[in-house]
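> Next come a sequence and a model predicted from it.
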Amino acid sequence: MNKTTRTLLAALVSTLSMNLSFSATTSIAGYSTPPLSEIHLISGQSSMDKLNPERMSILVWNIYKGGKPTFKTDFPEIIKDKDLLLIQETDSHPNVQEVYKDIEGFRFDTGVSFTYDKYPNSFSGSAIASKVDPSEVRLFRTKYREPIVSTHKVVTSATYPMAGKSEELLAISIHAINFSPMVGFFHQLEQTSEMIKNHRGPIIFGGDFNCRSLTKTNYMRNFFKKLGFKEVTFTNDTRYRSGMTGRVIDYIFVRDLKILESQVYGELTSSDHMAMRVELSY
């Protein structure tokens with residue numbers, strides 16, 4: 001796809017999404033927006049009382065709704081030594097739920113972005129799984145919707161107690177709104193700013209930011225810089241890149257945390273995105 005084609009496509013999808021707001025509950029593509037009272041789902045059971053602030057192992061991954069054949073074997077293996085999982089494109093499909101069902105020691109808090117009209121009790125969204133029960137979970141649904149499919153996105157956030165600390169870790173999992181006007185992406189990030197400013201403790205904010213343009217990437221980095229975050233970098237940087245623009249779209253940002261190690265699981269083929277690991281201490 002050449003530059004001119006990419007520019008025209010971006011302009012088209014931006015135009016299509018200009019008037020998509022919160023008004024309709026059902027999209028033209030067979031997806032629905034559930035009531036806010038129904039977008040928090042809880043499953044699984046935690047196995048620890050508190051996180052160890054000396055070393056916290058965190059995985060950030062867009063799992064592609066479990067659509068790749070090797071997901072069922074890779075996911076249980078990759079999370080064995082992890083304390084927190086920040087997941088995007090979690091889904092009600094058996095490809096995902098049957099894998100989750102066999103995992104012990106993790107509580108899953110899911111923020112539902114949309115449901116599938118054809119399937120009862122279905123959903124797709126972002127999630128945080130942890131070996132520790134959260135003390136609070138907050139969800140942020142986008143004001144704007146994605147073009148054509150006309151779906152919202154939900155940011156999932158949760159706070160977790162740490163052993164020997166009065167402060168708690170705030171974890172935020174984002175699957176950013178895609179192909180929307182810039183204002184849609186900007187608004188989604190800004191939805192979390194007050195929570196971040198008011199939190200007295202360390203923060204990890206990670207996920208699929210869908211930054212397919214330099215403008216979005218620069219805005220994202222400035223947003224986190226102003227709030228005191230540091231970007232996690234990778235020596236083996238094989239993160240997924242947008243097929244349209246070649247830009248990295250998966251990121252991790254941390255505040256008041258020491259980065260001990262970071263890694264991209266570039267060898268895995270169980271999603272169209274590469275899983276990212278970061279080891280942190282407080």
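Thanks, I have the structure now. Residues are numbered from 1 along each chain as shown.
> Tell me who's in contact with the residue nearest to Val149 when sequence neighbours are not counted.
Distances taken as C-beta to C-beta, 6 or more residues apart in numbering place Ala29 nearest to Val149, at 4.5 Å, with adjacent residues excluded. In short, each C-beta sits where N, CA and C put it, glycine included. Ala29 makes contacts with 148-151, as judged by C-beta atoms under 8 Å, 6 or more residues apart in numbering.
> for this protein, what helix or strand is lowest in average pLDDT?
helix 3-17 (a mean of 42; mean pLDDT, DSSP states H and E).
> Next secondary structure after it?
strand 31-32 (DSSP states H and E).
> Now do that next one: which elements does it pack against?
strand 107-116 (3 or more C-beta pairs under 8 Å, 6 or more residues apart in numbering; DSSP states H and E).
> The helix or strand following the strand it packs on - contacts with which helices or strands?
Counting by DSSP H and E, the next helix or strand C-terminal to strand 107-116 is strand 124-130. Secondary structure elements in contact with strand 124-130, counted by 3+ C-beta pairs under 8 Å, 6+ apart, are strand 84-91, strand 107-116, strand 154-161, strand 168-175.
> who does the longest one touch, helix- and strand-wise?
Counting contacts by 3+ C-beta pairs under 8 Å, 6+ apart, the secondary-structure elements packed against strand 107-116 are strand 31-32, strand 40-44, strand 124-130, strand 136-141, strand 154-161.
> Identify, out of these, the most deeply packed stretch.
Counting by mean count of other C-beta atoms under 10 Å, strand 124-130 has the highest mean neighbour count of these, with a mean of 26.
> Kindly export that strand (C-alpha atoms) in PDB.
Provided in PDB are the C-alpha atoms of strand 124-130 (Å, rounded to 0.1, in the frame of the first residue of the first chain):
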ATOM      1  CA  SER A 124     -15.100  -8.400  23.500                       C
ATOM      2  CA  GLY A 125     -12.900  -5.900  25.400                       C
ATOM      3  CA  SER A 126      -9.900  -5.200  27.500                       C
ATOM      4  CA  ALA A 127      -8.900  -7.000  30.700                       C
ATOM      5  CA  ILE A 128      -6.500  -7.200  33.600                       C
ATOM      6  CA  ALA A 129      -5.800 -10.500  35.200                       C
ATOM      7  CA  SER A 130      -4.000 -10.700  38.500                       C
END
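> Now do the strands in the stretch 151-282 of the chain.
Along the stretch 151-282 of the chain, counting by DSSP state E, counting those that start in this stretch, strands occupy 154-161, 168-175, 203-208, 230-231, 250-255, 258-264, 276-281.
> Run the chain-centre distance for the fourth one.
What it means is strand 230-231. Relative to the centre of its chain, strand 230-231 is centred 17 Å away, using C-alpha atoms, centre = their mean, to the nearest Å.
> can you list contacts of that strand?
221, 224, 251-255, 259.
> Specify the local secondary structure of the residue lying closest to Asp133 once chain neighbours are set aside.
Residue nearest to Asp133 in three dimensions, not counting chain neighbours: Ser46, with 4.8 Å by C-beta to C-beta, 6+ apart. Under DSSP: H, G, I helix; E, B strand; the rest coil, the three-state class of Ser46 is coil.
> give me every residue that touches Ser46.
Here Ser46 is in contact with 105-107, 130-133 (C-beta under 8 Å, 6+ apart).
> How about Tyr64?
71, 89, 270-273.
> How many residues are close by the closest residue in space to Gly30 that isn't next to it in sequence?
Closest residue in space to Gly30, ignoring its immediate chain neighbours: Asp117 at 4.5 Å, by C-beta to C-beta, 6+ apart. Neighbourhood size, Asp117 [other C-beta atoms under 10 Å]: 13.
> Which of the contacts of strand 230-231 are buried? Put it as a PyMOL command.
Per 16 or more other C-beta atoms under 10 Å, the buried members of these correspond to this PyMOL selection:
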select buried, resi 224+251+252+253+254+255
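> Nearest to Gln191 among the contacts of strand 230-231?
Phe224 (14.4 Å; C-beta to C-beta).
> Could you dump the helices and strands packed on strand 124-130 into a markdown table with mean pLDDT added?
Output for these, formatted as a markdown table (pLDDT from 0 to 100):
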| stretch | mean pLDDT |
| --- | --- |
| strand 84-91 | 98 |
| strand 107-116 | 97 |
| strand 154-161 | 98 |
| strand 168-175 | 98 |
